[in-house]
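Asks: the following comprises the amino acid sequence and a computationally predicted model.
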Amino acid sequence: MNASTFRRLRVVAAKSPITLVCQVSSRTAGALFLFVVAMLVAGTSVPACFAQTVTYTGAGAVNFGGVNVCPSGKTTPSPCSETLTLTYNVTASGRLGTPLALTTGAADLDYRLASGSTCSGSVVKGNTCSVNVTFAPIAPGAREGAVEIVDGSGNTLATTYIYGTGIGPAVAFSPGALIRLGSGLSGPQGVAVDAGGNIFVADTFHSKVKEILAAGGYTKALNLGGYLFFEPGGVAVDGAGNVFVADTGNYAVKEILKAGGYATVDILASGFDLPEGVAVDGSGNVFVGDTGNGAVKEILAAGGYTTVKTLGSGIVAPEGVALDGSGNVFVADAGSFKVKEITAASGYTLVESLGGSFYEPSSVAVDASGNVYVTNPCCEISEIVAAGGYTTVNTLSEVFDGPNGIAVDASGNLYVGGGYEGTSSIAEFPLSQPPSLAFGSTDLGVGTGQLSTTVQNIGNANLAGTSITVSPNWELVKGSGAPEDCTTSFTLVPGAECNVSISFRPFDTGSLTGAALVTDNALNAPAATQSIPLSGTGVNPDSPEITSLNTTYGAPYSVIYVNGSNFGAATTSNVVKFNGVAAPVYYSTSTFILTTVPGSAATGNVVVTVDGKSSNAVGFTVLPMPEVTGISPTSGPAGTVVTISGTNLLDYENKGSVTFDGKLLSILSQSSAAIKVAVPAGAATGEFHVLVNDTGINTSTFTVTR
């Protein structure tokens, strides 16, 4: 038995949804028998190929069809679920474990085991067993999964791909704040996300594939598949959690099997030249952007990933590929500066360009509504809006350097890889979360300039809005017109968007918070509500206002400059308090006050009161008083290292300083108990002046010897 024969047996055993029994010729049967005996004698587990007990009786993947997304515990809108039975032939007696129903590798999400399954416990050769699976989608769009039959030790015996479509509207907001995830990456070019929120990354210039775990806040990364990659490009994850990789530098497409902990790597088909993009559908078929050959190709799961088909024509350099729920293929064709769609309905012969021109687009992703997200490595992340026939292009971000990989989860959150040397990371744009709109200080009764957010339907059914309300002190105003304003009762078809613009018109003074509430039928809930946080400060037109302090921390008796407006020109007209403790006012104008931190003050707010009218509050941190107790040595020539001892000598923001004879010294080391400096050349005998937390202290005299 050669290595190629064994590899094919293992692939058939692990991957085929149709037959999982070892099929060998009489020529290799003896070798296989000896191989099994040798493994048993050595105490090694027999490969799954030799421990098969079941085969799936169906042909290919199982389609659950379209099912409505329903609120938790509700049975409307019907149907909220679909239960199907998968039947397996028992080909060898034995004991089975509990089967798994997975959604992109995660258990108990969209797909769950239903009661009545018999593919567990003792089974007898010649009989059949069944697995009942319920599909209850938690999000709209294509929902991919798998059923796995396992033996008593948890080893996977059979994998059957399953897929279905969740139906319902969903809401996303833009702009979204950028959140950096993970660390230690170098030029990540491929990104995928599973149903559990775990992120799979082609860490290109480290030649690794990694999984950044959602558990623990994306702080832990695992290396998958060892060191068998060279500058990998795209990644994708299938219903069973297996990871597909465009291994660009090795001119290969590879699969990292989840079974066994992502240790096994298979090579799929052949004949690729610089493959860069990869995607996988609900049946396990793999789509590849074969850049060097200027083609998009499909590797068929049936037959063990040996058959390759070329899709469409006129593709120049496809660097990224993505699939929608209908099987249409979206392509980032960097060579033609276009994003293209190869339609499934045409048998993958019709190729159309979407949304105008892009500068060398490198990756694409598509959400449940059909919106297409594109990375332009030069400068930006864009969205081609499905509503209106892919003619509208929105710029989502221009602050992420070198974006070069993109994925979108079921909630509409974007995950983007890229960055240049030293800045490489994964960025999340949490578009499912309404952005906070922060307004500045505003006079009572006077409206500020508007702030806006865009509401978009990223589901595959109409989003029906029933109301938009804002808290007191805010008001809805007319927006720019692009996109159109959301009315209090609005309907958005899949992919469509509207604008919510808000002005701050305070009638109360002080720091104010509120919310804009959008009520609609997101995820088919009858009265779903999204809350947009609002904040601002209301001030009387003639009330004092603090615009800034020279520092927001300091020790008692630190000198503080208060900048603002409507202060009293006479020092006696101003009352300045630090957390309620009055401070001396040494000098003032209508826009400036000179004061010091009171000796008994504690951390809290600084407030200025003039003629009974109080200003806004500004936070201030009061720190312990620094103290110098001595220096050592007390004399020496230039270059002598002197230790200044004391307490509370460590500056809050490491901005402390030491001068000697008017010269600013470099601090060699600094702690709460000591500061070390060197006597500068040409200095004369004198005292060290220590400035810590804006409080200055002189030491005893240091004598400079010659």
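Replies: Here it is on my side, so go on.
Asks: could you use CA atoms for every contact and neighbour count after this?
Replies: Fine.
Asks: and the closest residue to residue 287 other than its chain neighbours, what does it touch?
Replies: Spatial nearest neighbour of residue 287, excluding adjacent residues (CA to CA, 6 or more residues apart in numbering): residue 298 at 4.4 Å. Contact analysis of residue 298 by CA atoms under 8 Å, 6 or more residues apart in numbering lists 285-288, 308-311.
Asks: for residue 298, list each beta-bridge partner.
Replies: residue 287, residue 309 (DSSP bridges).
Asks: so how far is residue 535 from it?
Replies: In this view, residue 298 and residue 535 are 51 Å apart by CA to CA, to the nearest Å.
Asks: burial of residue 358, as a residue count?
Replies: Neighbours of residue 358 under the rule other CA atoms under 10 Å: 19.
Asks: ok, the one 10 residues further on next?
Replies: Under the neighbour criterion other CA under 10 Å, residue 368 is assigned a count of 31.
Asks: now do the helices in the protein.
Replies: 3-15, 26-41 (DSSP state H).
Asks: average model confidence for the shortest one?
Replies: Helix 3-15 shows a mean pLDDT of 35 in the predicted model.
Asks: please spell out the ChimeraX selection for the buried subset of the contacts of residue 298.
Replies: Here is the ChimeraX command that selects the buried residues among those (16 or more other CA atoms under 10 Å):
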select :286,287,288,308,311
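Asks: for the contacts of residue 298, give me CSV that also has pLDDT and distance to residue 462.
Replies: Below are the contacts of residue 298 laid out as CSV (pLDDT from 0 to 100; distance: CA to CA, whole Å):
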residue, pLDDT, distance to residue 462
285, 97, 30
286, 98, 31
287, 98, 30
288, 98, 32
308, 97, 38
309, 97, 36
310, 97, 35
311, 97, 32
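Asks: can I get the contacts of residue 298 in CSV with distance to residue 136?
Replies: Listed next are the contacts of residue 298 as CSV, based on distance: CA to CA, whole Å:
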residue, distance to residue 136
285, 24
286, 26
287, 27
288, 30
308, 34
309, 33
310, 35
311, 33
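Asks: of the contacts of residue 298, closest to residue 559?
Replies: For the contacts of residue 298, the closest approach to residue 559 (CA to CA) belongs to residue 288, at 65.4 Å.
Asks: got a list of what the closest residue to residue 153 other than its chain neighbours touches?
Replies: Excluding the flanking residues, the one nearest residue 153 by CA to CA, 6+ apart is residue 97, at 7.1 Å. Residues near residue 97 by CA under 8 Å, 6+ apart: 119-121, 149-154.
Asks: pull the most distant pair out of these.
Replies: Spatially, the most separated pair among these is 119 and 153, at 14.3 Å (CA to CA).
Asks: what about the two, which has more around it?
Replies: A side-by-side neighbour count of residue 119 and residue 153, using other CA under 10 Å, places residue 119 first with 26 against 9.
Asks: wait, residue 289 touches residue 320, no?
Replies: Yes: here residue 289 reaches residue 320: they are 6.1 Å apart, a contact under CA atoms under 8 Å.
Asks: not counting sequence-adjacent ones, nearest residue to residue 166?
Replies: residue 140 (4.1 Å).
Asks: strands along the stretch 301-450 of the chain, start to end?
Replies: Secondary structure of the stretch 301-450 of the chain, counting by DSSP state E, counting those that start in this stretch: strands at 308-311, 318-323, 329-333, 338-342, 351-354, 363-366, 372-376, 380-384, 393-397, 403-408, 414-418, 425-429, 437-443.
Asks: could you dump the ones you listed to JSON lines with distance to residue 586?
Replies: Listed next are these as JSON lines, based on distance: least, CA to CA, whole Å:
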{"stretch": "strand 308-311", "distance to residue 586": "79"}
{"stretch": "strand 318-323", "distance to residue 586": "66"}
{"stretch": "strand 329-333", "distance to residue 586": "66"}
{"stretch": "strand 338-342", "distance to residue 586": "66"}
{"stretch": "strand 351-354", "distance to residue 586": "67"}
{"stretch": "strand 363-366", "distance to residue 586": "62"}
{"stretch": "strand 372-376", "distance to residue 586": "57"}
{"stretch": "strand 380-384", "distance to residue 586": "52"}
{"stretch": "strand 393-397", "distance to residue 586": "48"}
{"stretch": "strand 403-408", "distance to residue 586": "54"}
{"stretch": "strand 414-418", "distance to residue 586": "54"}
{"stretch": "strand 425-429", "distance to residue 586": "49"}
{"stretch": "strand 437-443", "distance to residue 586": "27"}
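Asks: which among the contacts of residue 97 count as buried?
Replies: Buried by 16+ other CA under 10 Å: 119-120, 149-151, 154, out of the contacts of residue 97.
Asks: among the residues you listed, show me the least confident.
Replies: Minimum pLDDT across those is recorded for residue 154, with 89.
Asks: quick one, what contacts residue 210?
Replies: Listed by CA under 8 Å, 6+ apart, the contact partners of residue 210 are 200-203, 221-224.
Asks: check residue 564 too.
Replies: For residue 564, the contact set (CA under 8 Å, 6+ apart) comprises 544-548, 590-592.
Asks: and this protein, what are its domains?
Replies: Split into domains by automatic domain parsing, the chain comes to 3-138+145-164, 186-429, 437-523, 545-622, 627-704.
Asks: for residue 174, which of those domains is the nearest?
Replies: Taking CA to CA, domain 437-523 is the member of those nearest to residue 174, at 5.3 Å.
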